[in-house]
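Novice: Structure for this input, please:
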Amino acid sequence: MGFFTFRRGVTIAVMTVAWCGLWQSLSVANLLSGLAVSTLVIASGVGTSGRGGVRIVPLVRLIWLVLVDLLLSTFNVAREILTPTDHTEEAIVAVDVESPSRQHLLFLVVAITLTPGTAVVDADPDTGRLYLHLLHADRIDDTVAHAKLLADLACEALPVPPVGSTVGGADR
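Specialist: Numbering: from 1, shown residues only. Take a look at the predicted model:
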């Protein structure tokens, strides 16, 4: 199999778009430099140990869910700030999530903390337990269920093989 595969082509295209986004400009120079950088990264083998892959449909669902959370949470927090009465009843809750890797847990921490009104105050990567700060204690059950849904989608979108499995016939 040659260097260029469909998956690598998509990865290079996405990385090039991200590069242009970081520069906040779409120009020939940014396109060419983005293509060069992303091709070099792919060719160097960074992050391509053969573990898992990316599943597009669950990843799109996960991104959509985080975007919807961001919009709804921003609206709810803005409403809370603008109303004269304080309806917050803060709480810290422990949530145990299935997380086969530290990368999934980190991704989950970022996705949860990104949304206003909820923040991860501590995470235990050995047990998969997250401690979340909530503005509304009456939403604990919904928040726990939602965090578990995010964790499930993250694991589905970015799978990793079980510890001790073989990749390409060699033990890891």
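Novice: any idea whether the most far-flung residue of the chain relative to its centre is helix, strand or coil?
Specialist: In the chain, the residue that sits farthest from the middle, by CA atoms, centre = their mean, is Pro84; the gap is 34.9 Å. The three-state label given to Pro84 by DSSP: H, G, I helix; E, B strand; the rest coil is coil.
Novice: What pLDDT is listed against it?
Specialist: The predicted structure scores Pro84 at 88 on the pLDDT scale.
Novice: how much space between it and Asp124?
Specialist: 39 Å (CB to CB, to the nearest Å). Placement of C-beta: from N, CA and C, glycine included.
Novice: can you check Glu80 too?
Specialist: Taking CB to CB as the criterion, Glu80 is separated from Asp124 by 29 Å.
Novice: what's the answer for His104, then?
Specialist: Counting by CB to CB, the gap from His104 to Asp124 is 14 Å.
Novice: These two - which one has more neighbours?
Specialist: His104 (22 against 12; other CB atoms under 10 Å).
Novice: Once you drop chain neighbours, what's closest to Asn76?
Specialist: Using CB to CB, 6 or more residues apart in numbering and skipping the chain neighbours, the partner closest in space to Asn76 is Gly117 (6.0 Å).
Novice: need the contact list for the one you found.
Specialist: With contacts defined as CB atoms under 8 Å, 6 or more residues apart in numbering, Gly117 is in contact with Ser73, Asn76, Val77, Glu80, Leu134, Leu135, His136.
Novice: Let's see which of the residues you listed end up in helices.
Specialist: Taking DSSP state H, the ones among those that sit in helices are Ser73, Asn76, Val77, Glu80.
Novice: Rebuild these as a markdown table, extending it with distance to Ser44, pLDDT and neighbour count.
Specialist: A markdown table is the format used below for those (distance: CB to CB, whole Å; pLDDT from 0 to 100; neighbours: other CB atoms under 10 Å):
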| residue | distance to Ser44 | pLDDT | neighbour count |
| --- | --- | --- | --- |
| Ser73 | 38 | 84 | 16 |
| Asn76 | 43 | 83 | 16 |
| Val77 | 42 | 83 | 16 |
| Glu80 | 47 | 83 | 16 |
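Novice: Nice, that's everything, thank you.
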